[in-house]
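Colleague: Structure, please.
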Amino acid sequence: MLQFRKEKETKGTYRYQELEGSSGDAVVGSLYVRKGAFGDSPPPRAAPGHHRGATSVIVIPPEAPTPTAERTRRPAAVRRLRASSAQPAHVAAETVVRDALRACLLADIGGVRDTFDEFWVPCSHERADLAVIGRSMDGFEIKTERDTLNRLPRQASAYGRLFDRCTVVVAEKHLDRAVEILPAWWGITSISVNGAVTFAVMRPCSANPSIDPQILVRLLWRDEAMAALLTLGREPEKRALRSSLWDEILQSTTVTQLKGVVRHALLSRRRNGPRPAGHRMR
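Modeller: Residues are numbered from 1 along each chain as shown. Down below sits the predicted model:
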């Protein structure tokens, strides 16, 4: 089981560093948790955990405290969940769910290279709550107890033109309605909150049958489109407009090749400088 040690406190998050296993290789590296998840008393250690098909981010206490110490040292976030009638224990904010989901995906899915928060879908007003880039490009939409599904049909239509696979991550009360709204290839995962956020796959996702290359290519910046064409052996005009470069790429690649070009460009952006575990994509 992966374990993390609290390393430092930033402006809005606590940063945890993965404890290396016997092989000496880190799987995730740094994990950022928003302060709202733990309040003023962040645990010194934490880990992604599994139980009967569900995945969670759990707190690992440094030692077994006495009953008195346990009452004193219980994380502030837990105390607030139990004490506030306005926020019952089964409700979690979207940011908390997204952070827990990111940690689980990074720990569980092979080939994951990077994640993006609020990933923009070209030619729409939609942003996926979380996008995972690796061997494929997967989109995740989160709907907590506080949300409605009013926008989900429009989001499903937009995401379906871009992502290789899509999953909606919903509170239990939304499950039946989500099944009615979404195409059969969408995955559906339920959220459970009981001191920690856990996930259970209700319906696995499958391949998107209708990706639109015209939407996918618009994720490329001009310099990325220029570099892609040069790699493909083309010689684009140096002053060509970005739209002209996009058109030339569409004429020079298959959909499978275009997917690889776009994933490579997105991952290369991160290598240009350090970014936090979750960052906006536009």
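Colleague: CA atoms for contacts and neighbours, from now on please.
Modeller: Fine.
Colleague: where does the stretch 51-200 of the chain dip in pLDDT?
Modeller: With pLDDT under 70 as the threshold, the stretch 51-200 of the chain has low-confidence stretches at 51-92, 109-110.
Colleague: one more time with 50, if that's ok
Modeller: Along the stretch 51-200 of the chain, segments meeting pLDDT under 50 span 51-90.
Colleague: any chance you could map the strands in it?
Modeller: Taking DSSP state E, counting those that start in this stretch, the strands of the stretch 51-200 of the chain run over residues 54-59, 114-120, 127-133, 137-143, 165-171, 187-193, 197-203.
Colleague: need those in a markdown table with mean neighbour count and distance to residue 267, can you?
Modeller: Converted to a markdown table, the strands of the stretch 51-200 of the chain look like this (neighbours: other C-alpha atoms under 10 Å; distance: least, C-alpha to C-alpha, whole Å):
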| stretch | mean neighbour count | distance to residue 267 |
| --- | --- | --- |
| strand 54-59 | 21 | 26 |
| strand 114-120 | 21 | 7 |
| strand 127-133 | 23 | 8 |
| strand 137-143 | 23 | 11 |
| strand 165-171 | 24 | 18 |
| strand 187-193 | 22 | 24 |
| strand 197-203 | 19 | 27 |
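Colleague: mind checking which of those strands is nearest residue 222?
Modeller: strand 114-120 (16.8 Å; C-alpha to C-alpha).
Colleague: Parallel or antiparallel, which strands does the closest one pair with?
Modeller: The pairing partners recorded for strand 114-120 under DSSP bridges are strand 127-133 (antiparallel), strand 280-281 (parallel).
Colleague: Can you redo these as JSON lines, where the extra columns are distance to residue 163?
Modeller: Written out in JSON lines, the entries for the strands paired with strand 114-120 read as follows (distance: least, C-alpha to C-alpha, whole Å):
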{"stretch": "strand 127-133", "distance to residue 163": "9"}
{"stretch": "strand 280-281", "distance to residue 163": "14"}
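Colleague: so which of those gets nearest residue 220?
Modeller: Judged by C-alpha to C-alpha, the one of the strands paired with strand 114-120 that comes nearest to residue 220 is strand 280-281, at 11.8 Å.
Colleague: List the contacts of stretch 137-151.
Modeller: Stretch 137-151 has contacts (C-alpha atoms under 8 Å, 6 or more residues apart in numbering) with 91-94, 97-98, 128-132, 159, 163-171, 173-174, 177-178, 191, 263.
Colleague: again, but for stretch 182-194
Modeller: Here stretch 182-194 has contacts from 89-92, 144, 153, 156, 165-172, 175, 178-179, 197-208, using C-alpha under 8 Å, 6+ apart.
Colleague: Recalculate using a threshold of 7 Å.
Modeller: When contacts are defined by C-alpha atoms under 7 Å, 6 or more residues apart in numbering, stretch 182-194 is touched by residues 89-92, 156, 166-172, 197-208.
Colleague: May I see the buried residues of the top helix by length along the chain?
Modeller: When every helix of the chain is counted residue by residue (DSSP state H), the longest turns out to be helix 255-271. Of the residues in helix 255-271, those scored as buried under the neighbour-count criterion (16 or more other C-alpha atoms under 10 Å) are 258-259, 261-263, 265-266.
Colleague: Let's see it as PDB, backbone CA atoms only.
Modeller: Extracted as PDB, the C-alpha positions of helix 255-271 are listed here (Å, rounded to 0.1, in the frame of the first residue of the first chain):
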ATOM      1  CA  VAL A 255      -7.400   9.800 -35.700                       C
ATOM      2  CA  THR A 256      -5.100   7.400 -33.800                       C
ATOM      3  CA  GLN A 257      -2.000   9.400 -34.900                       C
ATOM      4  CA  LEU A 258      -3.700  12.700 -33.900                       C
ATOM      5  CA  LYS A 259      -4.500  11.300 -30.500                       C
ATOM      6  CA  GLY A 260      -0.800  10.600 -29.900                       C
ATOM      7  CA  VAL A 261       0.200  14.000 -31.200                       C
ATOM      8  CA  VAL A 262      -2.200  15.700 -28.800                       C
ATOM      9  CA  ARG A 263      -1.200  13.600 -25.800                       C
ATOM     10  CA  HIS A 264       2.400  14.300 -26.400                       C
ATOM     11  CA  ALA A 265       1.800  18.000 -26.600                       C
ATOM     12  CA  LEU A 266      -0.200  18.100 -23.400                       C
ATOM     13  CA  LEU A 267       2.500  16.100 -21.500                       C
ATOM     14  CA  SER A 268       5.300  18.200 -22.900                       C
ATOM     15  CA  ARG A 269       3.700  21.400 -21.500                       C
ATOM     16  CA  ARG A 270       4.200  20.100 -18.000                       C
ATOM     17  CA  ARG A 271       7.900  19.400 -18.600                       C
END
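Colleague: Appreciated, that's everything.
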